[in-house]
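Q: sequence first, then the predicted structure:
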Amino acid sequence: MANVLLCSASPRRRALLHKVVEDFDVTSSSAEERSAYRRPHLRVMDLAKKKGESVCEDNRLVISSDTIVYRKGKYYGKPKDAAEAFEMLKELSGVWHSVYTGVCLKKGKVERVFYDRADVLFKKLSDEEIERYVEEFAPLDKAGAYGVQDGIVVERYQGSFDTIMGLPTEKLEVILKEMGV
């Protein structure tokens with residue numbers, strides 16, 4: 001049993017955490033993904049904290065995370081179906097939006113919660129390109145219905161690639177060192 005437990009079903013988060021932690025176990029969260037917070041940075045930190053609190057572990061460091069896409073007061077979570085994914089991608093086509101990722105690290109009574117933000121500009125996409133993307137890249141498990149790692153829809157970004165992908169490894173590494181991990 002590893003000393004670190006990643007609370008996430010995301011294969012992308014697993015790959016990202018391997019950049020900063022060699023050995024860890026994985027579980028998923030039973031937390032409901034709802035938050036009363038309206039401001040995106042507070043929302044992702046709240047959701048990350050709820051996910052971490054859903055796992056009862058006192059002897060291991062639990063790392064949980066949440067990512068949202070946000071533009072002009074609107075949140076883009078994981079689409080429920082291909083039609084919703086298409087609509088999200090159409091709305092984001094050709095415009096800037098923000099990606100927020102919140103992280104909670106919890107071991108016993110010690111807890112650290114933080115977030116990072118990156119800004120993303122989408123390419124201008126035709127309806128056909130959006131349909132093809134939805135069919136070929138299975139975006140239903142991704143906030144905003146896309147993955148930056150696909151290299152298809154993102155024209156450029158400002159900030160951390162890893163934050164957009166779902167785990168701000170640069171900030172996480174610093175905080176893990178501060179916590180002695």
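A: Done, it's in.
Q: you'd agree V103 is in a strand?
A: Yes - remark: V103 belongs to a strand, assigned using DSSP: H, G, I helix; E, B strand; the rest coil.
Q: residues contacting it?
A: M45, A48, I63, S64, S65, V113, F114, Y115, L167, P168, K171, L172 (C-beta atoms under 8 Å, 6 or more residues apart in numbering). Every residue, glycine included, has its C-beta placed from N, CA and C.
Q: can you get me a residue count around K72?
A: 9 (other C-beta atoms under 10 Å).
Q: can you read off the pLDDT for it?
A: Listed pLDDT for K72 reads 95.
Q: which parts of the chain are helices?
A: 11-17, 40-53, 82-92, 127-137, 161-165, 169-178 (DSSP state H).
Q: so which of those comes closest to Y75?
A: helix 40-53 (7.4 Å; C-beta to C-beta).
Q: state the distance from L6 to Q149.
A: Look at L6 and Q149: by C-beta to C-beta, to the nearest Å, they are 18 Å apart.
Q: and E129, by the same measure?
A: E129 is 18 Å from Q149, by C-beta to C-beta.
Q: tell me the residue furthest from the middle of this protein?
A: E128 (26.9 Å; C-alpha atoms, centre = their mean).
Q: if we can go back for a sec, who's more crowded, L6 and Q149?
A: L6 (25 against 17).
Q: would you list the helices of the chain in TSV and tack on distance to R71?
A: Below are the helices of the chain laid out as TSV (distance: least, C-beta to C-beta, whole Å):
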stretch	distance to R71
helix 11-17	21
helix 40-53	10
helix 82-92	7
helix 127-137	16
helix 161-165	14
helix 169-178	23
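Q: can you add distance to V103 and mean pLDDT and give these back as CSV?
A: Converted to CSV, those look like this (distance: least, C-beta to C-beta, whole Å; pLDDT from 0 to 100):
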stretch, distance to V103, mean pLDDT
helix 11-17, 10, 93
helix 40-53, 5, 95
helix 82-92, 24, 97
helix 127-137, 25, 95
helix 161-165, 10, 97
helix 169-178, 6, 95
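Q: can you count the residues close to R43?
A: Neighbours around R43, by other C-beta under 10 Å: 22.
Q: wait, what's in contact with it?
A: By C-beta under 8 Å, 6+ apart, the neighbours of R43 are S35, Y37, I68, Y75, Y100, G102.
Q: repeat that for F161.
A: Per C-beta under 8 Å, 6+ apart, neighbours of F161: A118, V148.
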